[in-house]
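A.B. asks: Structure here, sequence nowhere to be found:
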């Protein structure tokens, strides 16, 4: 049979951002894939070199909405490292709280879209309603549903009063039973299992070869989490399990995300218990000297790495970042091979693709 | 921790050079290593040696800073992850006719990184299996970070292009494209 090539775009793939695929088919089976990126390229790496280090906090938060806190917090960590700024302990916990709140929302959004793709409308609505607890929490604490504007060089620019801490604790209590129930549904419901088990498999060795990170890697048995491997902020004092699965399929990746959301609730509670009183930002901001550094964090989609080079001015000499989705796209070639064309949207969704992050 | 340092030093010695590696430890005890290779071509044996340590290519940063330009060079920093320790290996390339070997045979994920640096800078990656544009449209002149390009052209955005044309027409300095 002569292979045919079709082009799929965001409409066919249930994506809210533009990415195009050239898919090679034999009958209705995928035999080849070419990912065509760049449709939301905004020249961000050029723009950051035309703004000073303080302006870039705001710009980087607008790179992407789902992992919007990871970018400014990791960038600020890089600047703090070059300048030798010590972040107050309280600020480290407040940064972890912001990151974990975003992680829960991001993971639930992905699981909701998965339900939508497999035609489980009621489940989609249910997951989005549970996620709404987190969205309202963000509104109450930060004043925004997506961009939290939580970070500044030297710490954070928000505070949790005793009243807000109590509120956040109550909201986390509200999340526990629904998250347990979602984990049960996604891992045991026959209608979901039949669509997700054994689908879009990325074996462990291929996961390693393609250098994937985050829940995609952990779903294939690679227990890599930056929070454990290269602890930053408060994570060296917090207890959590790195969720892993071994089957490397769509189900495994969803299972990892839902268990991580449960761990995030625990992490936020630990932060609220252990967070000391004190300042939430360093008092004095020194001039930023010339230097170069690396800063890493575990964003919702996996390892985020920033490289910053400074020359003694307040403009970055070079600022480069690599987002977790960057490698995960290429691994779709393995996940999609041999699968039916109708399953492409479900498999693409299972890498939780972030297109604005990828294109920059 | 010293174990990682010794293993990296031994691995990079296989390139035929004895590179000087600067190790830094942050307040959490997370190590980062920084080294420069004498010749750009040594990045290939260095990468081969690091894959032997179960290293992973995290990303590649090409850049052309003012200070490097004054020295008549450009640089590429390769960032490798060694189970939580990040090693940055930097090479220098000439400003003109810069060439560097592809790492795709060793690290598959070098593919996109190298395609991206080729469209942003005037650097040829030799031996790349698929040296097409990655993000930028092929109608855009190469080495986008090394020349002045209207922002709307750079981002290929229709809305901002219309705005750019309007501004340029109103200012009378340039005919609308």
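C.D. replies: Structure's in. What do you need? All of these numbers come straight from a predicted model, not from anything done at the bench.
A.B. asks: Which pLDDT does the model give residue B:158?
C.D. replies: Looking at residue B:158, its pLDDT reads 58.
A.B. asks: same deal with residue B:145?
C.D. replies: Looking at residue B:145, the pLDDT reads 84.
A.B. asks: ok, how many other residues are close to residue A:276?
C.D. replies: 9 (other Cβ atoms under 10 Å in any protein chain shown). Using the backbone N, CA and C atoms, a C-beta is placed for each residue, glycine as well.
A.B. asks: what about it, which SS state?
C.D. replies: coil (DSSP: H, G, I helix; E, B strand; the rest coil).
A.B. asks: Let me see the backbone angles for it.
C.D. replies: Backbone torsions for residue A:276, taken as degrees, to the nearest 10, come to phi -80, psi 160.
A.B. asks: now swap in the one 5 residues further on and tell me
C.D. replies: Backbone geometry at residue A:281, expressed as degrees, to the nearest 10, gives phi -160, psi 150.
A.B. asks: can you give me the helices for chain B?
C.D. replies: B:2-13, B:43-51, B:66-70, B:110-120, B:151-155, B:158-171 (DSSP state H).
A.B. asks: wait, I meant the stretch 151-300 of chain A
C.D. replies: Applying DSSP state H, counting those that start in this stretch to the stretch 151-300 of chain A gives helices spanning A:162-188, A:190-196, A:204-209, A:214-218, A:226-229, A:250-274.
A.B. asks: Could you say which of those is packed most deeply?
C.D. replies: Using mean count of other Cβ atoms under 10 Å in any protein chain shown, the stretch among the helices of the stretch 151-300 of chain A with the largest mean neighbour count is helix A:214-218, at a mean of 29.
A.B. asks: What lies in contact with that helix?
C.D. replies: With contact meaning Cβ atoms under 8 Å, 6 or more residues apart in numbering or on different chains, helix A:214-218 is reached by A:107, A:202, A:207, A:224-225, A:242-245, A:253, A:256-257, A:260, A:298-303, A:324, A:328, A:331, A:350-352.
A.B. asks: And for stretch A:172-184?
C.D. replies: Here stretch A:172-184 has contacts from A:104, A:108, A:111, A:127, A:130, A:133-134, A:255, A:258-259, A:261-262, A:265, A:268-269, using Cβ under 8 Å, 6+ apart.
A.B. asks: Then stretch A:22-33?
C.D. replies: So stretch A:22-33 is contacted by A:1, A:3-8, A:21, A:34, A:36, A:332-333, A:336-342, A:344 (Cβ under 8 Å, 6+ apart).
A.B. asks: can you do 7 Å?
C.D. replies: A:1, A:3-8, A:21, A:34, A:36, A:332-333, A:336-341, A:344 (Cβ atoms under 7 Å, 6 or more residues apart in numbering or on different chains).
A.B. asks: are any of those buried, and which?
C.D. replies: A:8, A:21, A:36, A:332-333, A:336, A:339, A:341, A:344 (16 or more other Cβ atoms under 10 Å in any protein chain shown).
A.B. asks: Alongside chain A, which residues does chain B contribute?
C.D. replies: Residues of chain B lying close to chain A (Cβ under 7 Å from any Cβ of the partner chain) are B:26, B:28, B:30, B:32, B:56-59, B:61, B:63, B:65-67, B:77, B:79, B:83-84, B:86, B:88, B:107-109, B:111-112, B:134-136, B:145, B:151, B:154-156.
A.B. asks: quick one, what contacts residue A:276?
C.D. replies: Neighbours of residue A:276 in contact, by Cβ under 7 Å, 6+ apart: A:89-90.
A.B. asks: Just the pLDDT for it.
C.D. replies: 96.
A.B. asks: try the one 5 residues further on
C.D. replies: Model confidence at residue A:281, given as pLDDT, is 92.
A.B. asks: Then the one 5 residues further on?
C.D. replies: Here, the pLDDT recorded for residue A:286 equals 87.
A.B. asks: so the longest helix seen in chain A versus helix A:162-188, what angle?
C.D. replies: Secondary structure of chain A read by DSSP H shows that its longest helix is helix A:89-117. Per axes from the mean of the first three to the mean of the last three Cα atoms, to 10 degrees, the angle that helix A:89-117 makes with helix A:162-188 is 40 degrees.
A.B. asks: hmm, helix A:89-117 in reach of chain B?
C.D. replies: No: using Cβ under 7 Å from any Cβ, helix A:89-117 stays clear of chain B, with a minimum separation of 10.0 Å.
A.B. asks: What's the first helix or strand after that helix?
C.D. replies: helix A:121-142 (DSSP states H and E).
A.B. asks: residues in contact with residue 95?
C.D. replies: With no chain named, the answer covers chain A. Counting by Cβ under 7 Å, 6+ apart, the residues that residue A:95 touches are A:73, A:151, A:156, A:233.
A.B. asks: Sorry, I should have been clearer: chain B.
C.D. replies: B:69, B:72-74 are the contacts of residue B:95 under Cβ under 7 Å, 6+ apart.
A.B. asks: how close does residue A:66 sit to residue A:243?
C.D. replies: 19 Å (Cβ to Cβ, to the nearest Å).
A.B. asks: same check, this time on residue A:122
C.D. replies: From residue A:122 to residue A:243 the distance is 26 Å (Cβ to Cβ).
A.B. asks: If you count surrounding residues, which of those two has more?
C.D. replies: Neighbours were counted for residue A:122 and for residue A:243 using other Cβ under 10 Å; residue A:243 has more, 20 against 8.
A.B. asks: Would you check that that one makes contact with residue A:258?
C.D. replies: No: if you go by Cβ atoms under 7 Å, residue A:243 and residue A:258 don't touch, sitting 8.4 Å apart.
A.B. asks: Which two of the buried ones among the contacts of stretch A:22-33 have the greatest separation?
C.D. replies: In terms of Cβ to Cβ, these reach their longest pairwise distance at A:36 and A:339, which sit 19.4 Å apart.
A.B. asks: what about chain B, any weak spots by pLDDT?
C.D. replies: Counting by pLDDT under 70, chain B has low-confidence residues at B:1-2, B:150-161, B:173-177.
A.B. asks: Where do the domain boundaries of it fall?
C.D. replies: B:2-146, B:150-177 (automatic domain parsing).
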